[in-house]
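Engineer: Mind folding the following:
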Amino acid sequence: MASQSLTSSTPQDRMDAEKAIKRNPHPDFKKVEASRQPWDKSLSFNVKQTVNPDWKYGDGANDGGESLKVPHVEIDPYEEGRPAVWNYKLLISAIVPRPIGFVSTRSTDGSSTNLAPFSYFQMINHDPPLFILGFAGGLDNAKDTMKNLIETGECVINIISEHFIEAANATSINTPYGESEWSLSGLTPAPSSTVKATRVKEAIFSVEGKLESTREFESKATPGKKTGVLAIIEGTRFWVREDAINEQKNLIDPNVLRPISRLGGITYGRLTESVEIPRPDYNDTVVKNEEARKLVKAKVEGQ
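Structural biologist: Here you go, the predicted structure:
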């Protein structure tokens, strides 16, 4: 991919942005944290029943209709007097839990490396393996990861697990371009095969990737202002810790992966429980079920 002319945002820009977001709700975080129960290392990954194991087609929500009793508030994202940052805070607290792309990059000349977590992250295809990263700000105000990614066309995406959550969070610090977060985190760089950027050796799962394309977005609240960049990345190599992968190399054990997810504000989530619900087959569960066939033909009021 052709190199694009980019500039990096300054640490002061990032500090100003954080002040506007007001992400931390606690005046004295350490005092609040000290009042909480310690991390429970004894928790294992448990598979539970669903809330209503006897649910059948047409039953609707499993709360007996309680969720229908509370009215909703309509929000226009562009209503007069509503700052764009309020939409950011609303969305990161609602679209949860989100996987975190822990991204390693390096500069073109190799003199600078960067490591940072991104919660605007997801996979979108498997053949080829494709992933997306979302960057706040435009190409003319590129953060370190985006600058390196676009200029080199390479990165490594690591998945954050419980055993290095503090180290991963430390890399979200607003360091100036050229100063690496690796040393602040204490994490261990490991060599990659298809890209020059290093992967996080502590990560259970990592993906080497090449930049496929980017798309820049313009603000609708402030026309002309570039507010976001979408990067599509093609996975070129997977790394999985051997105690987490099955013999066929096609399934990762969640009890080993212990993934950490992103919630709103400064809140993270851990995964310790799950439920299993088979995907229904139309012929088996509708065609052979008279009550289900009636429901399919019926119209729901308001649909």
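Engineer: Low-confidence stretches in this structure?
Structural biologist: Across the chain, the ranges flagged by pLDDT under 70 are 1-21, 302-303.
Engineer: Going by residue numbers, what spans are strands in the chain?
Structural biologist: 46-48, 101-106, 113-118, 121-126, 129-136, 154-159, 189-190, 199-200, 205-218, 226-240, 260-262, 268-270, 273-275 (DSSP state E).
Engineer: Out of those, which gets nearest to Ile75?
Structural biologist: For the strands of the chain, the distance to Ile75 is smallest for strand 226-240, at 18.6 Å, taking C-beta to C-beta. Every residue, glycine included, has its C-beta placed from N, CA and C.
Engineer: Quick check: chain neighbours aside, which residue is closest to Phe205?
Structural biologist: With C-beta to C-beta, 6 or more residues apart in numbering as the measure, Ile159 is the residue that lies nearest to Phe205, at 4.5 Å, once sequence neighbours are left out.
Engineer: if I read this right, that neighbour contacts Ala203, doesn't it?
Structural biologist: Yes - contact status for Ile159 versus Ala203: in contact at 6.0 Å, counting by C-beta atoms under 8 Å.
Engineer: If you count surrounding residues, which of those two has more?
Structural biologist: Summary of the neighbour comparison: Ile159 and Ala203, criterion other C-beta atoms under 10 Å, with Ala203 having more neighbours (26 against 22).
Engineer: Tell me which residues touch that one, please.
Structural biologist: If you count contacts by C-beta atoms under 8 Å, 6 or more residues apart in numbering, Ala203 has them with Phe102, Asn158, Ile159, Ile160, Ser161, Phe164, Trp239.
Engineer: again, 6 Å this time
Structural biologist: Neighbour list for Ala203: Asn158, Ile159 [criterion: C-beta atoms under 6 Å, 6 or more residues apart in numbering].
Engineer: ok, now Ser112?
Structural biologist: Gly178.
Engineer: one more time with 10 Å
Structural biologist: Counting by C-beta atoms under 10 Å, 6 or more residues apart in numbering, Ser112 makes contact with Thr105, Arg106, Asp144, Lys147, Asn148, Tyr177, Gly178, Glu179, Ser180.
Engineer: what about Tyr120, how many neighbours?
Structural biologist: For Tyr120, the neighbour count with other C-beta under 10 Å is 20.
Engineer: Does it touch Gly137 like I think?
Structural biologist: No - at 11.8 Å, Tyr120 does not count as touching Gly137 under the criterion of C-beta atoms under 10 Å.
Engineer: Give me the common contacts of the two.
Structural biologist: Counting by C-beta under 10 Å, 6+ apart, the common neighbours of Tyr120 and Gly137 are Gly228, Val229.
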